[in-house]
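Asks: Give me the fold of what follows.
(2 chains)
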Amino acid sequence: MIAFRTLLYKETLRFWKVSFQTVGAPVLTSVLYLMIFGHVLEGRLQPFDGVSYTSFLVPGLVMMSVLQNAFANSSSSLIQSKITGNIVFVLLPPISWLEFYAAYVIASIVRGVVVGGGVWLASLFFSWTGVAHPLWALAFVVLGAALLGTLGVVGGIWADKFDQLAAFQNFLIMPLTMLSGVFYSINSLPPFWQALSHFNPFFFMIDGFRYGVFGVSDASPWLSLAIVSAALLVLAGMCLNMLQRGYKLRG
Amino acid sequence: MSSIDSPAIQVCGAVKQFGSLQALAGVDLEIRQGEFFGLLGPNGAGKTTLISALAGLQRLTAGSIRVMGHDVVSDYRAARSSLGVVPQELVFDPFFSVRELLRIQSGYFGIRRNDDWIDELLASLDLTSKADTNMRQLSGGMKRRVLVAQALVHKPPVIVLDEPTAGVDVELRQTLWVFIRKLNEAGHTIVLTTHYLEEAEELCGRIAMLKAGRVIALDTTPNILARVSHHALKLRVAGLDCLPAALQTQGAVLQDGMLQIPFERHAQIESLLAAVREAGAGILEVEVARPDLEQAFVEIMNAEVTA
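Replies: I've put the predicted structure just below:
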């Protein structure tokens, strides 16, 4: 247990030591999105009745920050350790694959929550949004961050070069997040794209979180919860299998 | 098997295959507790692969390895807790200071408050003044010493050093060996791989030589040295123009006033000196050269090629 706690502590301390880059920068980026999109689209779009566009945008941006940063935390830590070679310091001690997984993923959740919380606090300057169902909101934050943290572990272990990881991030994570309804309600989309969005697990994470905030959403929160949980289980199973086999870590 | 009377390291039929390359071709090796053991071999002999398999960084294709009686795969927790490895590469975590790193490493081994031992390690390795310095700001030699400290945070009974003095200056090398010797005297088993043969000769009680993934020699250091039977009598002589027949048959060489006569037993020295005097030469300097590991190494490797 001490080994797990130490690895979790180290993974958290690692991003905290460079918090300008790991927390400050993503919060600023989201605030810029909020200012620009809010300014341009406020009054022109109203995805949900009684919710202004800027208010609608806030939970999407919060969740996008949670997801992207959860992925960045585990993936960048692992690829850096692999490339510099200091991964041996966690491979030599008696740390089990389960402890390894839990420590990296929980640290990712912590980073996601810290950045998401920062975006939410900053958004209060632009629009006050109450939280209708805090438990629902929290459930989607934690599950979504765990899912992306797990994906980060998979990507970090799989990639041999920074370039491969960047491809993973830019050609998979980024489009799936941007096309998940952060900036729009999928009800505004043509039927084909609307249907396609239902195959994007990121849509359910963001939509579910939005339900937690507003009490309204495009899909039923139960359906979102089921899909996000199932995706997490499948991916976690895959990731644990990789770790147990020592895939790319213990040749 | 209890870990009290088990060998420190037991390698049974270790095979490691990387595609078509066989890095380990069936290694059997037993290292007793308390030994200072040398693992020698040219580049690509399989030394690092063997150490990686021992440390759980690589999995064997066949065979097994036990550390203090614990299998490195099925009982990896106990095996890894018994083992401290100083890796060959100069790796470090740039996010932390020396003390932070050693505390974290202690935690990985399940040790929560370890500052007394950490302070002792820092003092022994001459790092006390660098305790709060970030790893990035340390010189190569200092980083190397931190690696040693990291391997020792959990006071492992078995310590493996994979070429720990590569690229390290002479003074530091000495400091390091004094410290490692002390650990060995305190009962720690030390396994050392090195390219500096004189180091192995000076420090190791037993030596295994590896070539192409196989152990080609395994014996005490004196026995390995004895395999190379050629001691040599080196004489600076005056008044000797050509070699007398008695010395020629002995295989002596005369060059620029230096006479070098190989011999097998020290009892022969007297008769060799007599032969020189009989030839009418004056002896100005005498030196008896012992065979060294370098020579043994080359000869054993060559014997292997011609065998």
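Asks: Please count neighbours and contacts with C-alpha atoms only from this point.
Replies: OK.
Asks: how far is stretch B:231-251 from where the chain is centred?
Replies: Its chain's C-alpha centre and that of stretch B:231-251 lie 36 Å apart, by C-alpha atoms, centre = their mean, to the nearest Å.
Asks: Output that stretch as CSV, nothing but the C-alphas.
Replies: What follows is stretch B:231-251, C-alpha atoms only, in CSV (Å, rounded to 0.1, in the frame of the first residue of the first chain):
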residue,chain,number,x,y,z
HIS,B,231,54.3,-15.6,-15.1
ALA,B,232,57.2,-13.7,-16.6
LEU,B,233,60.6,-12.8,-15.4
LYS,B,234,61.5,-9.4,-16.8
LEU,B,235,65.2,-8.5,-16.6
ARG,B,236,67.2,-5.5,-17.7
VAL,B,237,70.5,-6.9,-18.7
ALA,B,238,73.9,-5.7,-19.8
GLY,B,239,76.4,-7.6,-22.0
LEU,B,240,74.0,-10.0,-23.6
ASP,B,241,74.0,-10.0,-27.4
CYS,B,242,72.2,-13.2,-28.2
LEU,B,243,70.0,-15.6,-26.4
PRO,B,244,71.7,-18.7,-24.9
ALA,B,245,70.0,-22.0,-26.1
ALA,B,246,68.6,-22.8,-22.6
LEU,B,247,66.6,-19.6,-22.6
GLN,B,248,65.6,-19.9,-26.2
THR,B,249,63.8,-23.2,-25.5
GLN,B,250,62.1,-21.5,-22.6
GLY,B,251,60.6,-19.0,-25.0
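Asks: wait, what's in contact with residue 153?
Replies: Picking chain A for this. Applying C-alpha atoms under 8 Å, 6 or more residues apart in numbering or on different chains to A:Val153 gives the contacts A:Phe71, A:Ser74, A:Ser75, A:Leu78, A:Tyr101, A:Tyr104, A:Val105, A:Cys239.
Asks: sorry, should have said chain B
Replies: If you count contacts by C-alpha under 8 Å, 6+ apart, then B:Val153 has B:Leu102, B:Gln105, B:Ser106, B:Asn114, B:Trp117, B:Ile118 around it.
Asks: Pull the number of nearby residues for B:Trp74.
Replies: Trp isn't right for residue B:74; it's Ser. 10 (other C-alpha atoms under 10 Å in any protein chain shown).
Asks: Please determine how far it is located from B:Phe96.
Replies: From B:Ser74 across to B:Phe96, the span is 33 Å (C-alpha to C-alpha, to the nearest Å).
Asks: cool, A:Gly116 as well?
Replies: Taken as C-alpha to C-alpha, the span from A:Gly116 to B:Phe96 is 26 Å.
Asks: More neighbours: which of the two?
Replies: Taking neighbours as other C-alpha under 10 Å, A:Gly116 and B:Phe96 compare with A:Gly116 leading, 28 against 20.
Asks: Can you name the helix or strand that that one falls in?
Replies: Using DSSP states H and E, A:Gly116 maps to helix A:97-123.
Asks: same check, this time on A:Ile206
Replies: Using DSSP H and E, A:Ile206 sits within helix A:201-214.
Asks: looking only at pLDDT, what's the mean for that helix?
Replies: If you average the pLDDT over helix A:201-214, you get 93.
Asks: Show the contacting residues for the closest residue to chain A within chain B.
Replies: Chain B approaches chain A most closely through B:Tyr108 (4.1 Å), counting by C-alpha to the nearest C-alpha. Listed by C-alpha under 8 Å, 6+ apart, the contact set of B:Tyr108 reads A:Ile2, A:Ala3, A:Phe4, A:Thr6, A:Leu7, A:Val90, A:Pro93, A:Pro94, A:Ile95.
Asks: So the second one sits against B:Gly110, correct?
Replies: Read that as A:Ala3. Yes: contact criterion C-alpha atoms under 8 Å: A:Ala3 and B:Gly110 qualify, at 5.2 Å.
Asks: ok, these two, which is more surrounded?
Replies: Taking neighbours as other C-alpha under 10 Å, A:Ala3 and B:Gly110 compare with A:Ala3 leading, 25 against 20.
Asks: part of a strand, is that one?
Replies: No: using DSSP: H, G, I helix; E, B strand; the rest coil, the assignment for A:Ala3 is helix, not a strand.
Asks: show me what contacts it?
Replies: A:Ala3 makes contact with A:Pro94, A:Ile95, A:Glu99, B:Gly107, B:Tyr108, B:Phe109, B:Gly110, according to C-alpha under 8 Å, 6+ apart.
Asks: Please report which of these has the highest neighbour count.
Replies: Result: B:Tyr108 is most packed of the contacts of A:Ala3 (other C-alpha under 10 Å), 27 neighbours.
Asks: quick revisit: quick one: distance of the helix holding A:Ile206 to the chain centre.
Replies: In this view, helix A:201-214 has its centroid 12 Å away from the chain centroid, taken as C-alpha atoms, centre = their mean.
Asks: any residues touching that helix, and which ones?
Replies: Under C-alpha under 8 Å, 6+ apart, the answer for helix A:201-214 is A:59-60, A:63-64, A:129-138, A:140-141, A:144, A:176-177, A:179-182, A:197-198, A:216-221, A:224-225, A:227-228, A:231.
Asks: Check whether A:Pro93 sits in a helix, strand or coil.
Replies: Three-state call for A:Pro93 (three-state DSSP): coil.
Asks: From B:Gly84, how far out is it?
Replies: In terms of C-alpha to C-alpha, A:Pro93 sits 9 Å off from B:Gly84.
Asks: Comparing these two, which residue is more hemmed in?
Replies: Each of A:Pro93 and B:Gly84 has its neighbours counted (other C-alpha under 10 Å); A:Pro93 has more, 29 against 25.
Asks: Next, the contact list for the residue in the stretch 51-200 of chain A that chain B sits nearest to, please.
Replies: Proximity to chain B, evaluated over the stretch 51-200 of chain A using C-alpha to the nearest C-alpha, is greatest for A:Pro94 at 4.5 Å. Counting by C-alpha under 8 Å, 6+ apart, A:Pro94 makes contact with A:Ala3, B:Tyr76, B:Arg77, B:Ala78, B:Arg80, B:Ser81, B:Tyr108, B:Phe109.
Asks: just the helices in chain A please.
Replies: A:2-17, A:19, A:25-41, A:53-84, A:88-91, A:97-123, A:134-158, A:162-168, A:174-178, A:191-197, A:201-214, A:221-245 (DSSP state H).
Asks: The longest helix along chain B: what's the following helix or strand?
Replies: Secondary structure of chain B per DSSP H: the longest helix is helix B:170-185. Once the chain leaves helix B:170-185, the next helix or strand it forms, by DSSP H and E, is strand B:189-193.
Asks: which helices and strands sit right next to the very next helix or strand once past that next one?
Replies: Once the chain leaves strand B:189-193, the next helix or strand it forms, by DSSP H and E, is helix B:197-203. Contacting helix B:197-203 under the criterion 3 or more C-alpha pairs under 8 Å, 6 or more residues apart in numbering or on different chains; DSSP states H and E are the following elements: helix B:293-306.
Asks: which secondary structure elements does the helix it packs on contact?
Replies: helix B:197-203, strand B:214-220, helix B:221-227.
Asks: In TSV, list the ones you listed along with mean neighbour count.
Replies: Formatted as TSV, the helices and strands packed on helix B:293-306 follow (neighbours: other C-alpha atoms under 10 Å in any protein chain shown):
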stretch	mean neighbour count
helix B:197-203	17
strand B:214-220	17
helix B:221-227	17
